[in-house]
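In: Return a 3D structure for these sequence lines:
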Amino acid sequence: MKDSLFHHHRKAITSAMYKNRLFHIFVTIVTVTTFLFIIALLYTILGKGLPKLSVDFLLKLPDELEAGGGIGPFLFNSFYVLILSLLLSLPIGIGAGIFLSEYAPNNRFTEFVRTCIEGLASVPSIVFGLFGYVLFVEYVGIGLTIIGAAITLALLNLPVLARVTEEAIQAVPKDIREASLALGATKSQTVLKVVLPAALNGILTGISLVACRAFGESAIIILAGGTSTSGFMWDFNLLSQGGTLPVHLWYVQSEALVPDAKEIAEKSAAILVLIVLIISFTVRLPIWIQTLVTKLKATPRKS
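Out: Model prediction:
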């Protein structure tokens, strides 16, 4: 009887180990395949455009009919609109996440607010673009402008920032808060000096996501900012048209009359992908530095 139970138990363990190994192999194959696909996609886009890039292309004005035009105003507008939208959305979005996690009472109204935020975070960008068009073009009457595109992009980023910040703060262990309060710190001091630094990784990940999404956004820009620019470099006028690089890429690929439209599209796509990668790495750089410093501090020194 004991031998029968032993063999049955051993068979069950062997079967579980076999299934675990198969699942591990399956996950590894899927991960490697996805990674290789991403590498191939990046190589295709960057390989076609980067070798043809030049400083003149990045700073020169676009041309409607002749070959050799650049993307200067569109590239400038992309950064300008992105910075304005982040300046508007970061304080409000992160502040809303902090409030919902640390200060909001746990009742039905708070749950209703969370549900609304989650719903807005999943709304397609074209809906925000239509809202921006109705608000700034039809109601306010300022037309297609940089400020309209920036505010509409900020509205797109707000629910994502609020939700990511709330989840990052809620992931911080309660023991850390209790230890800070036990040492005599106030609620605000605990949140600012203890909780937020501990949740920094998650918050920076959210900022990276919304920044890269905003830089590559086109639907909102077309409806609230327009498809063209003022035609001048370094135009800080908030009421100028706010056409950005993704919009210019769409226009060149679909409607442009210039003979080198395909080459312009390839170079624009390459610079767009490259800048998104740079933004992502730049935002996440503090996370890597913090991790490295933590490992160095935890490594015992040899006497």
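
In: How far does stretch 91-101 sit from its chain's centre?
Out: Its chain's C-alpha centre and that of stretch 91-101 lie 17 Å apart, by Cα atoms, centre = their mean, to the nearest Å.

In: Mind checking the pLDDT average for it?
Out: When pLDDT is averaged over stretch 91-101, the result is 92.

In: Can you show me the CA trace of it as CSV?
Out: C-alpha atoms of stretch 91-101 as CSV (Å, rounded to 0.1, in the frame of the first residue of the first chain):
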residue,chain,number,x,y,z
PRO,A,91,1.1,68.0,-11.8
ILE,A,92,-2.7,67.3,-12.1
GLY,A,93,-2.4,63.6,-13.0
ILE,A,94,0.2,62.7,-10.4
GLY,A,95,-1.6,64.9,-7.8
ALA,A,96,-4.9,63.1,-8.5
GLY,A,97,-3.2,59.7,-8.1
ILE,A,98,-1.7,60.8,-4.8
PHE,A,99,-5.1,62.0,-3.6
LEU,A,100,-7.0,58.9,-4.6
SER,A,101,-4.4,56.6,-3.0
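
In: quick one: contacts of that stretch?
Out: By Cβ atoms under 8 Å, 6 or more residues apart in numbering, the list of residues contacting stretch 91-101 from outside reads 110, 113-114, 117, 154, 157-166, 168-170, 191, 196, 203, 210. Just so you know, the C-beta spots here come from the backbone N, C-alpha and C atoms, and that holds for glycine as well.

In: Recalculate using a threshold of 10 Å.
Out: Defining contact as Cβ atoms under 10 Å, 6 or more residues apart in numbering, one finds that stretch 91-101 is touched by 86, 104, 110, 113-114, 117, 154-155, 157-172, 191-192, 195-196, 199, 202-203, 206-207, 210.

In: Give me the subset of the residues you listed that lies in helices.
Out: If you go by DSSP state H, those have 86, 110, 113-114, 117, 154-155, 157-170, 196, 202-203, 206-207, 210 in helices.

In: picking that back up, whichever of the contacts of stretch 91-101 end up buried, select them in PyMOL.
Out: Those of the contacts of stretch 91-101 that count as buried under 16 or more other Cβ atoms under 10 Å are selected in PyMOL with:
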select buried, resi 86+104+117+154+155+157+158+159+160+161+162+163+164+165+166+167+168+169+172+191+195+196+199+202+203+206+207+210
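
In: Enumerate every residue touching the residue lying closest to Arg284 once chain neighbours are set aside.
Out: Excluding the flanking residues, the one nearest Arg284 by Cβ to Cβ, 6 or more residues apart in numbering is Ser208, at 5.8 Å. By Cβ under 10 Å, 6+ apart, Ser208 lies in contact with Val164, Val276, Ile279, Ser280, Phe281, Thr282, Val283, Arg284, Ile287.

In: switch to 7 Å and redo it
Out: By Cβ atoms under 7 Å, 6 or more residues apart in numbering, the contact set of Ser208 is Ser280, Val283, Arg284.

In: can you check Lys267 too?
Out: Lys267 makes contacts with Gly49, Lys52, Leu53, Phe57, as judged by Cβ under 7 Å, 6+ apart.
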